[in-house]
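A.B. asks: Kindly return the folded structure for what I paste below:
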Amino acid sequence: MRSGETLTEKTFRSYEEELRDLPLEKLELGFERARRECKHFPLPFEIRDLCSDQTAHDRAYQRLLNRYRQHWQEEDQRRAS
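C.D. replies: Presented below is the predicted three-dimensional model:
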């Protein structure tokens, strides 16, 4: 939706159709994140992106970062030996 546009019944139905497969808990998360993070009313695909569990992404990234650090620390120890 563009800035200044109103949410019409047709637009509302379109959003409902695009997002109906998402569980309510995820939609609540997505709308809460949209309220905090978006400058404009998000499109359905943007709401979908915001419904992802950011905590899970953060944990996966942290695990990857830890493995990377461990690898290079072990490599540094081998070189020092």
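
A.B. asks: rest of the way, CA atoms for contacts and neighbours
C.D. replies: OK.

A.B. asks: where along the protein do the helices fall?
C.D. replies: Ranges of helices within the chain are 9-19, 24-37, 44-50, 54-80, based on DSSP state H.

A.B. asks: Now mean neighbour count too, for the ones you listed, in a markdown table please.
C.D. replies: A markdown table is the format used below for these (neighbours: other Cα atoms under 10 Å):
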| stretch | mean neighbour count |
| --- | --- |
| helix 9-19 | 12 |
| helix 24-37 | 15 |
| helix 44-50 | 17 |
| helix 54-80 | 11 |
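
A.B. asks: And those, which one averages the lowest pLDDT?
C.D. replies: Between the helices of the chain, the one with the least mean pLDDT is helix 54-80; it has a mean of 81.

A.B. asks: Centre of the chain to it, how far?
C.D. replies: Distance, stretch centre to chain centre, for helix 54-80: 23 Å (Cα atoms, centre = their mean, to the nearest Å).

A.B. asks: what does stretch 49-61 give?
C.D. replies: Averaged C-alpha coordinates place stretch 49-61 at 6 Å from its chain's average position (Cα atoms, centre = their mean).

A.B. asks: what residues does it touch?
C.D. replies: With contacts defined as Cα atoms under 8 Å, 6 or more residues apart in numbering, stretch 49-61 is touched by 26-31, 33-34.

A.B. asks: Could you rerun that using 10 Å?
C.D. replies: Applying Cα atoms under 10 Å, 6 or more residues apart in numbering, the external contacts of stretch 49-61 come out as 22-34, 37-38, 42, 44-45, 62-67.

A.B. asks: same deal with stretch 32-47?
C.D. replies: With Cα under 10 Å, 6+ apart, stretch 32-47 has contacts from 1-5, 7, 14-19, 26-31, 48-52.

A.B. asks: Can you give the domain ranges for the protein?
C.D. replies: 1-50, 54-81 (automatic domain parsing).

A.B. asks: From residue 72, how far off is residue 38?
C.D. replies: For residue 38, the distance to residue 72 equals 38 Å [Cα to Cα, to the nearest Å].
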